[in-house]
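>>> missing the sequence, but the structure's below:
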């Protein structure tokens, strides 16, 4: 899918492209869109100019909001702290079940009403007491140049960065994009190529490669999310295959979140029953994963973190509200009962942000 562009638009030079005949090839993601000047790629926000491929959403956002970090979801990265979240528009996948379709499928001028430089974003995070900034709501891979500059500005102010992404990025762009990302939640949408091709207009293998790269070749903290859709990716067979691959290819310590689907956008399926999430969690634990969570349903046991060694309650969660804290305050990141080190990024005490969602304005 290639979009013809309107006559005038602001652009920022892209970092990943090459010329091929009378076209420019975008090298950012596996789609490798071939574009003539004036055409946009599948994601809609990357466009060919006379000089190469450019980004049309640099410094522009669909809005800024302070969220609980657990909403990303990240359960093992600075629990209880507030995170300044923002996104742009567009996406490089075409998921028929998109739960944020009003942003990811929007034409940029429909949604991008706010502007902020990387430095303004970092300053806003400091001013509002946020410990981190999240690239989220739509996939940050497609606004990589902006995300990279925001990460650099944040790190200069001791603010960490989080990417919420489907991991659909080319091998040539992975290193530079994730170099400034402190934590990532990667959406592993299913575990069959058929699902990715039919419902996402993409491919599974590049996502698996991204996950292996992140876990084994970077210091980025990684958690996974799989949205379970009735009749599409929720069979026992697929869940066993997915969780066994996570254990063998990534490691049993990588947290996996199974979340509930609700009917949206272009897929007509019933909502995910809570019983499906409980079954998926049981399968993941049976396959040897240490941390398997349920999401989009009220399930205190499935939302909470338990010690993989002694079974003690480490972090109690009721939706985004933290309760009992079983970590050793003298040794952050260790079980208070048995001393086992818990994978992740923890402090002596949890944050106290709770479940609040606070929209803010930045820039103009």
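Looks like it arrived, so ask away. Owing to the predicted nature of the structure, the values given are computational and were not obtained by experimental measurement.
>>> got the residue ranges for the helices in this protein?
101-104, 108-111, 118-127, 144-156, 171-178, 193-195, 205-217, 236-245, 274-286, 300-303 (DSSP state H).
>>> wait, isn't residue 87 in contact with residue 138?
Yes. Residue 87 lies in contact with residue 138 (Cβ atoms under 8 Å); the separation is 4.4 Å. No exception for glycine: its C-beta is placed from N, CA and C like everyone else's.
>>> Looking at those two, which has the bigger crowd around it?
residue 138 (29 against 26; other Cβ atoms under 10 Å).
>>> Any idea which of the helices of the chain gets closest to residue 26?
Smallest distance to residue 26 across the helices of the chain (Cβ to Cβ): 10.0 Å, for helix 171-178.
>>> now for that closest one, which elements pack on it?
Packing partners of helix 171-178 (3 or more Cβ pairs under 8 Å, 6 or more residues apart in numbering; DSSP states H and E): helix 144-156, helix 205-217.
>>> Contacts for the first one, please.
In this case it means helix 144-156. Residues from elsewhere that reach helix 144-156 (Cβ atoms under 8 Å, 6 or more residues apart in numbering): 12-16, 28, 55, 57-59, 88, 117-119, 121-122, 125, 132-133, 135, 140, 160-161, 163, 169, 173, 176-177, 179-181.
>>> and those residues, which are buried?
Listed as buried from the contacts of helix 144-156 are 12, 14-16, 28, 55, 57-59, 88, 117-119, 121-122, 125, 132-133, 135, 140, 160-161, 163, 169, 173, 177, 180-181; burial here means 16 or more other Cβ atoms under 10 Å.
>>> what's the closest of the helices and strands packed on helix 171-178 to residue 329?
Nearest of those (Cβ to Cβ): helix 144-156, 27.3 Å.
>>> Could I get the buried residue list for the closest one?
Neighbour count says helix 144-156 has 144, 145, 146, 147, 148, 149, 150, 151, 153, 154 buried, by 16+ other Cβ under 10 Å.
>>> ok, now stretch 225-236?
Buried-residue list, stretch 225-236, by 16+ other Cβ under 10 Å: 225, 226, 227, 228, 229, 232, 233, 234.
>>> Could I get the contacting residues of the residue nearest to the last one when sequence neighbours are not counted?
Meaning residue 234. Take residue 234 and drop its neighbours on the chain: the residue closest to it by Cβ to Cβ, 6 or more residues apart in numbering is residue 228, 4.6 Å away. In this structure, residue 228 makes contact with 234, 258, 259, 260, 261, 272, 276, 277, 280, judged by Cβ under 8 Å, 6+ apart.
>>> Tabulate the helices of the chain (a markdown table), appending mean pLDDT and distance to residue 328.
Listed next are the helices of the chain as a markdown table, based on pLDDT from 0 to 100; distance: least, Cβ to Cβ, whole Å:
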| stretch | mean pLDDT | distance to residue 328 |
| --- | --- | --- |
| helix 101-104 | 53 | 40 |
| helix 108-111 | 52 | 45 |
| helix 118-127 | 97 | 29 |
| helix 144-156 | 98 | 29 |
| helix 171-178 | 98 | 31 |
| helix 193-195 | 98 | 42 |
| helix 205-217 | 98 | 26 |
| helix 236-245 | 98 | 29 |
| helix 274-286 | 98 | 24 |
| helix 300-303 | 98 | 22 |
